[in-house]
Structures are given as C-alpha cells and as structure tokens.
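Engineer: just to be clear, the model below is a prediction. Sequence and coordinates:
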Amino acid sequence: MFSKILKFEVFNGTKYQLLNYIKGFEKVNIVSGNPEVLYNGLKDKDMFQSFTSKNSVIIPDGVGTLIASRIVKNPVNEKIAGIDVMEEIINICKNNNYGIYLIGAKEDVLRSCIYNLKLKYPGINISGSHNGYFDLNNCEKILEDIKKVKPYALFIAMGSPRQDRFIIKNMEELPCKVFMGVGGSFDVFSGKLKRAPKWMINFGLEWLYRVIKEPWRIKRLIVIPRFLIKVAVDYKSRISSF
Ligand code: UDP
C-alpha cells in the first residue's frame, strides 16, 4: 500500500482507500507529500521524524512525487491532491456533524473561506478558526480554544514548513483525530485563488498554472529536479547494494 521514496513511505492506494485507511488511526497527520514538502522533510530533523512516524500518512500530492514513484519502480496509483482529501474529510464531518477547525491565511481570506465553505456544505460545523499570522511559540489561546471545542479535523493552511511545525509541536496535546497541512487551500476556497482547469490537472500541469498565476513561485520549482535527482541516486545505490 506504500511506495518507498527515499526514506518516506508514500501512500499508493486511491483517495477512497486512503479515507478508509485513516479510519484506523486514533490521530493522524495527513502530509501532502509534494517534492517541496518531502525535500524539507529530508533537511529538518523534526519534520523527518514526524513524516516517518506511525501517526503520519504521506499522500502523493503533485506530479513530481508521481515521477519519483516511477523512478523507484513502484508507481503510485494516482495523484492525491491535499485539497481533494480536505474536501472529502469536510464531507465526512458534515455528514456526521463532526467539528472542523481552520487555522491559516490572512484574516479576510479566512473569513471568505468560511463563508464559502458554509455555502458549499450547508450545515457544516466549523467549531473555530484563527488566521495564520501568530507566534508559533506563543499561541496558548489558540491551543486552549481547540482543546475546548475538540474538533474532529484541524486544517492548517500556513504553507510548509510553518504548518508542519505547528502540527509537530502540538499534535500530541490537541484532541483532534485528523491533522492536515493544506497550504494555499483556504485561498482557493475563499475565491482569491482558482484551481487549475480540469484538463491541466489531468495532464499533471497544476504546478504550471500556479506559476502563471503567481510567478514568484518559479523559484520554488527548483526543488523538483533536485528532489528527483536525489530519488534517482538513492534508488540506484539501493539496488546496487543488493
Ligand atoms: N500563511 C500563513 N501564515 C504565514 C505564512 C503564510 O497563514 O506565516 C498562509 C498564506 O496567507 C497563504 C498560505 O499560507 O494562505 C500559503 O500557502 P502556500 O501557497 O505557501 O502553500 P502551498 O499551497 O504552496 O503549499
């Protein structure tokens, strides 16, 4: 059910198998494993420990991770976009009246995101929220609020590595079942940012769409070839040591 990419076990079932799989966890951190996040995970001891812990499931989010799984000759079933998993979990929460807590983005974006989520999922139980601009080492009030309302799912949209640091620091003490860093997803729900058209998503070109819309992202793409080279070198050394 997993593809080994570098030292990471990446989920290689379908999105629906993933939803089934996470049911078995008391607490789970769903990591959107795109090359940037996984590369950060290699360089940062705490992130590495978190991503490889038994409480984390890494999903193949992004065409770079798909290519990596082909390099290691253990191709993942399909790309699983973090935002799609987030929507599925929101649906589960809505159908069972489970609480959802949102942390991240600028205040106005967060407000529009909540407004639109309530329109899209009538009856959804958003038990709390906070914007993503606060001191990670000094956020007791936010933590206390989460403990009080005990949401089922906590979505954190502050980009990587900041959202990962928040999860690493607080997962143990927070009483939520699902923890998930969701990057720019609140921007998408708010309407500030559009997702790529379906055909681009299908051709694995979502990254290109994002670069066209936010050209400053181009410098973040450099990590993709670096990651793939690392994957290829690691794989070669693994098979030659057999
Ligand atoms: N963000 C935040 N706090 C910060 C920095 C960023 O809440 O200190 C938010 C930002 O407002 C935006 C999101 O994080 O909503 C950006 O995520 P990014 O696009 O980097 O994530 P990606 O989708 O690339 O993983």
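Structural biologist: Great, that's in hand.
Engineer: all helices for this structure, in order.
Structural biologist: 15-22, 35-43, 45-51, 63-71, 82-96, 107-120, 140-149, 162-170, 185-190, 198-202, 206-213, 223-240 (DSSP state H).
Engineer: closest one to Ile5 among those?
Structural biologist: helix 63-71 (4.9 Å; C-beta to C-beta). For glycine as for every other residue, the C-beta is placed from the backbone atoms N, C-alpha and C.
Engineer: hmm, back to that, return the most buried member of the helices of the chain.
Structural biologist: Among the helices of the chain, ranked by average contacts under mean count of other C-beta atoms under 10 Å, first place goes to helix 185-190 (a mean of 24).
Engineer: give me the contact list for that one.
Structural biologist: Helix 185-190 is touched from outside by 82-83, 86, 102, 104-105, 109-113, 116-117, 120, 155, 157, 193-195, with contacts defined as C-beta atoms under 8 Å, 6 or more residues apart in numbering.
Engineer: just put the helices of the chain in JSON lines and tack on mean pLDDT and distance to Phe179.
Structural biologist: Listed next are these as JSON lines, based on pLDDT from 0 to 100; distance: least, C-beta to C-beta, whole Å:
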{"stretch": "helix 15-22", "mean pLDDT": "96", "distance to Phe179": "11"}
{"stretch": "helix 35-43", "mean pLDDT": "94", "distance to Phe179": "14"}
{"stretch": "helix 45-51", "mean pLDDT": "97", "distance to Phe179": "10"}
{"stretch": "helix 63-71", "mean pLDDT": "95", "distance to Phe179": "20"}
{"stretch": "helix 82-96", "mean pLDDT": "97", "distance to Phe179": "11"}
{"stretch": "helix 107-120", "mean pLDDT": "98", "distance to Phe179": "18"}
{"stretch": "helix 140-149", "mean pLDDT": "98", "distance to Phe179": "11"}
{"stretch": "helix 162-170", "mean pLDDT": "97", "distance to Phe179": "5"}
{"stretch": "helix 185-190", "mean pLDDT": "97", "distance to Phe179": "14"}
{"stretch": "helix 198-202", "mean pLDDT": "90", "distance to Phe179": "25"}
{"stretch": "helix 206-213", "mean pLDDT": "89", "distance to Phe179": "24"}
{"stretch": "helix 223-240", "mean pLDDT": "92", "distance to Phe179": "24"}
